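S.K.: output the structure for:
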Amino acid sequence: MPTAIIADDEDLPRAELRRMLADVWPELQILAECEHGADALEAIQQHAPDIAFLDIRMPGLSGLDVAHAVKGRCHAVFTTAYDNHALEAFAAGALDYLLKPVARERLQEAVGRLRERMSASRAAPDISRLMSELDKRLRGGAAAERIRWISASVGDTIKMFPIEKILFFASDEKYTRVVSTDDEAHVRKPLRELIDGLDPDMFWQIHRSVVVRADAITKAHRDELGKVTVELRGCNEKLKVSQAYAWRFRPM
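M.R.: Numbers count the residues shown, from 1 in each chain. The predicted structure is shown next:
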């Protein structure tokens, strides 16, 4: 019996997709429904489903992040509310996607392809490069609004941090810690909002609560348990990498 999980941070689309799947693929067993990317990653590790239906944008880990982390372990079908520009990337990469609200005919097509792959015992393809390109396209629309400076209030002083000098951002309770090559401060804006204004080629998310400047990374260490930490140029702190982002540091 084929198995799947569904991940979407909105209750209604998640419930509707489950209802439609029960109609067009009644033998498919839904093992878990997840509201967040981290929950989806945990469910995939626990249940080892054949398929993961992943919303592209979820709090914390996105559907793309989850697919990166579990590549090859299950077939991924992305759900998205984006259209036109984003869908061109899907078509070019031959990625399975469902545009929300999901149409029955489109779901039947996706199910047909999944059945064919599974009956032929085809392994889930490694689509890391295609997903990276898709992520760039989805973020591309906000390029003109990318952050160039971070301003932080420290007492009566406003500290200004040019984006090129920032080493990493880290969530710190209600604030976000900003660490540069020669100073640090806290800002009230949450990390999840800052991420939208950062260049994804310049800044990499390595943990739910940490984003680092990629060209500041000097080393990545993997311990005997497979946990990864990174070191940054000009910084004495070692930053933990969560399993969801460990794919960034696999040897070439």
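
S.K.: I'd guessed W149 sits against K159; true?
M.R.: No: contact criterion CB atoms under 8 Å: W149 and K159 do not qualify, at 10.3 Å. The C-beta positions use only the backbone N, C-alpha and C, and glycine is treated the same way.

S.K.: who's more crowded, those two?
M.R.: For W149 versus K159, the count of surrounding residues by other CB atoms under 10 Å is larger for K159: 15 against 10.

S.K.: mean confidence for the host helix or strand of the more buried one?
M.R.: Here K159 sits within strand 157-162, counting by DSSP states H and E. With pLDDT averaged residue by residue, strand 157-162 scores 89.

S.K.: quick one: mean pLDDT for stretch 104-123?
M.R.: Stretch 104-123 carries an average pLDDT of 87.

S.K.: now what about that stretch, what contacts it?
M.R.: With contact meaning CB atoms under 8 Å, 6 or more residues apart in numbering, stretch 104-123 is reached by 2, 17, 20-21, 23-25, 50-51, 72, 75, 77, 96-99.

S.K.: buried ones among the residues you listed?
M.R.: Among the contacts of stretch 104-123, the ones that count as buried by 16 or more other CB atoms under 10 Å are 2, 17, 20-21, 25, 50-51, 75, 77, 96-99.

S.K.: those in helices, which ones?
M.R.: Among the buried ones among the contacts of stretch 104-123, the ones falling in helices (DSSP state H) are L17, M20, L21.

S.K.: ok, of the residues you listed, which one's closest to G197?
M.R.: Lowest distance from G197 to these (CB to CB) belongs to L17, with 30.7 Å.

S.K.: list the buried ones in the host helix or strand of A38?
M.R.: Using DSSP H and E, A38 maps to helix 37-47. By 16+ other CB under 10 Å, the buried positions in helix 37-47 come out as G37, A38, D39, A40, L41, E42, A43, I44, H47.

S.K.: contacting residues around that helix?
M.R.: For helix 37-47, the external contacting residues (CB under 8 Å, 6+ apart) are 3, 5, 7, 31-32, 34, 49, 52, 54, 58-63, 65-66, 69-70, 73-74, 208, 243-244.

S.K.: among those, which ones are buried?
M.R.: Neighbour counting by 16+ other CB under 10 Å classes 5, 7, 31-32, 34, 49, 52, 54, 58, 60-63, 65-66, 69-70, 73-74, 208, 243-244 among those as buried.

S.K.: which ones are touching V154?
M.R.: Contact analysis of V154 by CB under 8 Å, 6+ apart lists A185.

S.K.: and it, bridged to which residues?
M.R.: Note on V154: beta-bridge partners by DSSP bridges are T157.

S.K.: I'd like the numbering to begin with 59 instead of 1 from here.
M.R.: Renumbered: residue one is now 59, and that last one reads V212.

S.K.: what pLDDT does it get?
M.R.: 83.

S.K.: again, but for R115
M.R.: pLDDT for R115: 80.

S.K.: burial of it, as a residue count?
M.R.: By other CB under 10 Å, neighbour count at R115 equals 15.

S.K.: from memory it sits against V124, does it?
M.R.: No: R115 is beyond contact range of V124, at 11.7 Å (criterion: CB under 8 Å).

S.K.: burial count for G170?
M.R.: When neighbours are defined as other CB under 10 Å, G170 has 12 of them.

S.K.: for the one 4 residues further on, same thing?
M.R.: The number of residues packed around E174, counting by other CB under 10 Å, is 10.

S.K.: thinking again about what came up before, identify all contacting residues around the following helix or strand past the strand holding K217.
M.R.: Using DSSP H and E, the helix or strand that follows strand 215-220 in sequence is strand 224-230. Defining contact as CB under 8 Å, 6+ apart, one finds that strand 224-230 is touched by 208, 234-239, 244, 248-249, 252, 261, 266-271, 274, 290-293, 297.
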